[in-house]
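Student: Can you look at this prediction? I've put the sequence above it.
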Amino acid sequence: MLISCNFYIDGQWIDPVEPGPVHAIVNPADEKIIGTVLMGGKNDAHAAVDAARRAFDGYSQTSLAERRALLARLQAVFERRYTEMAQAISTEMGAPCDLAYDSQAECGPGHIKAALAAAESFAFESRSGPNGDLVCEPIGVCALITPWNWPINQIMSKLAPALLTGCTVVLKPSEFAPLSARLVAEFVHEAGYPSGVFNMLYGDGPVVGNELAEHPLVDMVSFTGSTAAGISVAKAAAGTVKRVVQELGGKSANIVFADTDLASTIRRGVRQAFNNTGQSCNAPTRMLVERPVYEQAIALAAEYGAQVQVAHPSQRGDVIGPLAMKRQFDTVQRYIGLGIQSGARLLIGGEGKPEGFSAGYFVRPTIFADVTNDMVIAREEIFGPVLCMMVFDTEEVAIRIANDSPFGLAAYVNTSDPVRAQRVARRLRAGTVSVNGVGQDYASPFGGFKQSGNGREWGRFGLHDYIEFKCINSDHSQ
Ligand SMILES: NC(=O)C1=CN([C@@H]2O[C@H](COP(=O)(O)OP(=O)(O)OC[C@H]3O[C@@H](n4cnc5c(N)ncnc54)[C@H](O)[C@@H]3O)[C@@H](O)[C@H]2O)C=CC1
Ligand SMILES: O=Cc1ccc(S(=O)(=O)O)cc1
């Protein structure tokens with residue numbers, strides 16, 4: 001039976017009032033249509049915003065204790081229905097089942113727990129000065145516009161702090177990840193949130209997303225996606241002076257110094273670049289290797305890259321699945337072609353599908369060596385399993401190349417010298433820096449410098465996005 005996805009507005013499952021083109025849900029592993037997403041229009045966006053606006057007066061006045069209890073209930077529902085979520089993500093965007101279960105779905109409870117933990121020590125009320133009492137109030141109605149690549153990471157890193165701070169929400173997920181968003185709506189309903197606190201509708205970015213960004217009754221927009229769409233959102237939001245938080249693209253550098261444990265560093269770098277089939281905005285897609293170990297690093301990367309197994313998402317283990325959609329497949333093919341034309345040395349992979357895959361948006365994991373930082377493949381976000389390797393001679397040059405990017409989301413440094421690691425990390429213009437493979441915890445801030453964005457999500461940093469600070473000045477001497 002075909003799946004049909006409709007909207008959750010004001011506590012009800014409803015069809016669009018202004019139906020747009022129906023979007024087919026295509027399983028990226030076999031290209032079969034498994035369902036449809038009903039896409040809305042401007043009037044649907046208005047209905048969702050109106051519901052969120054009506055609910056705001058009541059929900060914003062609930063106590064923090066009540067909101068913590070509700071969010072804890074949402075966590076419990078999520079954990080009980082966890083397997084459904086992992087399966088939905090794997091089906092809609094092709095994440096291999098173990099990645100979907102262990103990492104993709106895990107972001108849901110992960111972000112809820114981090115928000116709840118942050119609230120324990122967050123100063124929602126404090127003194128700001130001799131006369132001032134500082135109170136943190138919910139900013140209002142929030143539009144959450146999210147992509148398809150880590151759908152639950154991106155929904156829950158926004159939704160958990162929004163709900164905890166007393167905001168009401170309109171979620172517009174990507175139509176390419178409709179199933180996980182539908183489950184989120186079911187979980188919120190089951191957790192017992194009042195009607196209108198959470199609303200969800202599908203629609204095109206330029207129509208529904210844009211309408212939410214422009215809407216005078218929306219107080220803030222939290223957007224994750226491409227830099228181009230993020231710029232459109234900011235422009236649309238500017239007329240109403242609403243807050244816009246953007247988490248955008250990346251082209252992250254992975255600096256490999258000659259004193260590192262080369263084999264494990266290269267293996268990890270290849271694995272991280274190909275994880276989620278390269279569809280992560282913080283993927284380390286530019287590997288910068290110090291000259292004395294460059295040829296050795298290239299040989300290791302080719303060896304490990306060739307061992308990467310492309311497989312149907314139902315296959316257990318550390319494999320990579322298809323890209324999420326045909327558009328992404330075509331984009332990645334184009335970039336691989338551009339890499340070859342630009343004279344980069346193709347180590348593994350290349351254009352076309354891997355052997356044995358005729359259906360599905362599977363691509364060949366591809367590594368280019370001798371890439372220079374002016375090549376298109378080194379400058380633009382490819383969003384596929386395409387790794388660019390470059391050589392550098394000095395620490396100074398490595399930092400310069402790493403920072404020579406319009407993006408600044410993440411960076412990676414590998415060296416056995418802890419002093420150098422800290423020195424370099426502090427000079428990299430990126431929102432997160434990983435030293436020797438150490439990953440990010442949910443309590444720490446995630447976001448970018450430059451055209452990678454303007455905010456910080458996760459943990460207590462995420463709470464700030466949804467808060468207005470109010471200073472109440474009065475005579476404290478009495
Ligand atoms: N940084 C990240 O996490 C992501 C980056 N991307 C990059 O973006 C490229 C294109 O992927 P897309 O799915 O097309 O991402 P996108 O940025 O177009 O879409 C992300 C979300 O924004 C919405 N949207 C798009 N245009 C909008 C507009 N003008 N106003 C309001 N909302 C809008 C979409 O409907 C979706 O919900 C990828 O190849 C990749 O390079 C894509 C997804 C996530
Ligand atoms: O830890 C999970 C995680 C971190 C980053 C991203 S993305 O950069 O937004 O793709 C996804 C998942």
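Tutor: Nice, I can see it. Just so it is clear, the model here is predicted, and its values are computed rather than measured. Ligands and ions are numbered 1, 2, ... in the order given.

Student: Give me every residue in the stretch 201-350 of the chain lying close to ligand 1.
Tutor: Neighbours of ligand 1 within the stretch 201-350 of the chain, by Cβ under 6 Å from any ligand atom: 205-206, 209-210, 213, 224-226, 229, 232-233, 248-249, 281, 328, 331. Quick note: C-beta positions are derived from backbone N, CA and C, even for glycine.

Student: residue boundaries of the strands in the stretch 151-300 of the chain?
Tutor: Secondary structure of the stretch 151-300 of the chain (DSSP state E, counting those that start in this stretch): strands at 168-172, 198-200, 220-224, 243-247, 253-256, 286-290.

Student: Export the ones you listed to a markdown table and append columns for mean pLDDT, distance to ligand 2 and mean neighbour count.
Tutor: Output for the strands of the stretch 151-300 of the chain, formatted as a markdown table (pLDDT from 0 to 100; distance: least, Cβ to the nearest ligand atom, whole Å; neighbours: other Cβ atoms under 10 Å):
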| stretch | mean pLDDT | distance to ligand 2 | mean neighbour count |
| --- | --- | --- | --- |
| strand 168-172 | 98 | 16 | 28 |
| strand 198-200 | 98 | 20 | 29 |
| strand 220-224 | 98 | 7 | 27 |
| strand 243-247 | 98 | 7 | 23 |
| strand 253-256 | 99 | 14 | 28 |
| strand 286-290 | 99 | 15 | 27 |
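
Student: And the pLDDT for the residue nearest to A311 when sequence neighbours are not counted?
Tutor: Spatial nearest neighbour of A311, chain neighbours left out: V319 (3.9 Å); criterion: Cβ to Cβ, 6 or more residues apart in numbering. V319 is assigned a predicted lDDT (pLDDT) of 97.

Student: so V319 makes contact with Q309?
Tutor: Yes. V319 lies in contact with Q309 (Cβ atoms under 8 Å); the separation is 4.5 Å.

Student: Looking at the two, which is more packed in?
Tutor: More crowded of V319 and Q309, by other Cβ atoms under 10 Å: V319, with 18 against 12.

Student: ok, now how distant is that one from ligand 1?
Tutor: 22 Å (Cβ to the nearest ligand atom, to the nearest Å).

Student: Can you name the residues that contact that residue?
Tutor: 96, 308-311 (Cβ atoms under 8 Å, 6 or more residues apart in numbering).

Student: before we move on, what about L300?
Tutor: Per Cβ under 8 Å, 6+ apart, neighbours of L300: 262-263, 266-267.

Student: Most neighbours among those, which one is it?
Tutor: Top of the contacts of L300 by neighbour count (other Cβ under 10 Å): I266, with 28 neighbours.

Student: where does the residue lying closest to it once chain neighbours are set aside land on pLDDT?
Tutor: Once flanking residues are discounted, I266 sits nearest to L300: 4.2 Å by Cβ to Cβ, 6+ apart. Per-residue confidence (pLDDT) for L300: 98.

Student: how close does L300 sit to Q307?
Tutor: 11 Å (Cβ to Cβ, to the nearest Å).

Student: ok so, going back, mind checking which of the residues of the stretch 201-350 of the chain next to ligand 1 are buried?
Tutor: 205, 209-210, 213, 224-226, 229, 232-233, 248-249, 281, 328, 331 (16 or more other Cβ atoms under 10 Å).

Student: Could you single out the nearest of those residues to S63?
Tutor: T224 (29.9 Å; Cβ to Cβ).

Student: OK, now which residue of the stretch 1-150 of the chain is nearest to ligand 2?
Tutor: Ranked by Cβ to the nearest ligand atom, the top residue of the stretch 1-150 of the chain for proximity to ligand 2 is W150, at 3.7 Å.

Student: Just the pLDDT for that residue.
Tutor: With respect to pLDDT, W150 has a value of 98.

Student: Surely it and C107 touch.
Tutor: Yes. Between W150 and C107 there is a contact under Cβ under 8 Å: 6.6 Å.

Student: next one: phi and psi at the residue nearest to A311?
Tutor: phi -130, psi 170 (degrees, to the nearest 10).

Student: same deal with N454?
Tutor: According to degrees, to the nearest 10, N454 has phi -140, psi 10.

Student: number of nearby residues for it?
Tutor: 16.

Student: Show me the shaky parts of this protein.
Tutor: Along the chain, no part satisfies pLDDT under 70.

Student: so what are the domain limits for it?
Tutor: The chain breaks down into these domains under automatic domain parsing: 3-248+452-472, 253-441.

Student: Q478: which of the ones you listed is closest?
Tutor: domain 3-248+452-472 (12.0 Å).

Student: Please enumerate the helices of the stretch 201-350 of the chain.
Tutor: Ranges of helices in the stretch 201-350 of the chain, per DSSP state H, counting those that start in this stretch, are 210-214, 227-238, 262-274, 294-307, 326-341.

Student: Make CSV from the ones you listed and add distance to ligand 2 to it.
Tutor: Compiled in CSV, the helices of the stretch 201-350 of the chain are given as follows (distance: least, Cβ to the nearest ligand atom, whole Å):
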stretch, distance to ligand 2
helix 210-214, 20
helix 227-238, 13
helix 262-274, 11
helix 294-307, 21
helix 326-341, 14
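
Student: Just say which of these is most tucked in.
Tutor: Greatest average neighbour count among the helices of the stretch 201-350 of the chain goes to helix 210-214 (a mean of 24), per mean count of other Cβ atoms under 10 Å.

Student: Residues touching that helix, excluding its own?
Tutor: Here helix 210-214 makes contact (Cβ under 8 Å, 6+ apart) with 42, 45-46, 48-49, 143, 145, 170, 172, 218, 221, 223, 232-234, 236-237, 239-240, 242, 244.

Student: count of residues packed around the nearest residue in space to P138 that is not next to it in sequence?
Tutor: Sequence neighbours aside, G166 is the residue nearest to P138 in space, at 3.5 Å (criterion: Cβ to Cβ, 6+ apart). For G166, the neighbour count with other Cβ under 10 Å is 24.

Student: residue contacts, the spatially most central residue of the chain?
Tutor: The residue lying closest to the centre of the chain (Cα atoms, centre = their mean) is Q154, at 4.6 Å. Q154 makes contacts with 146-147, 224, 247, as judged by Cβ under 8 Å, 6+ apart.

Student: can you list these in JSON lines and add distance to A411?
Tutor: Shown next, in JSON lines, are the contacts of Q154 (distance: Cβ to Cβ, whole Å):
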{"residue": "T146", "distance to A411": "24"}
{"residue": "P147", "distance to A411": "22"}
{"residue": "T224", "distance to A411": "19"}
{"residue": "E247", "distance to A411": "16"}
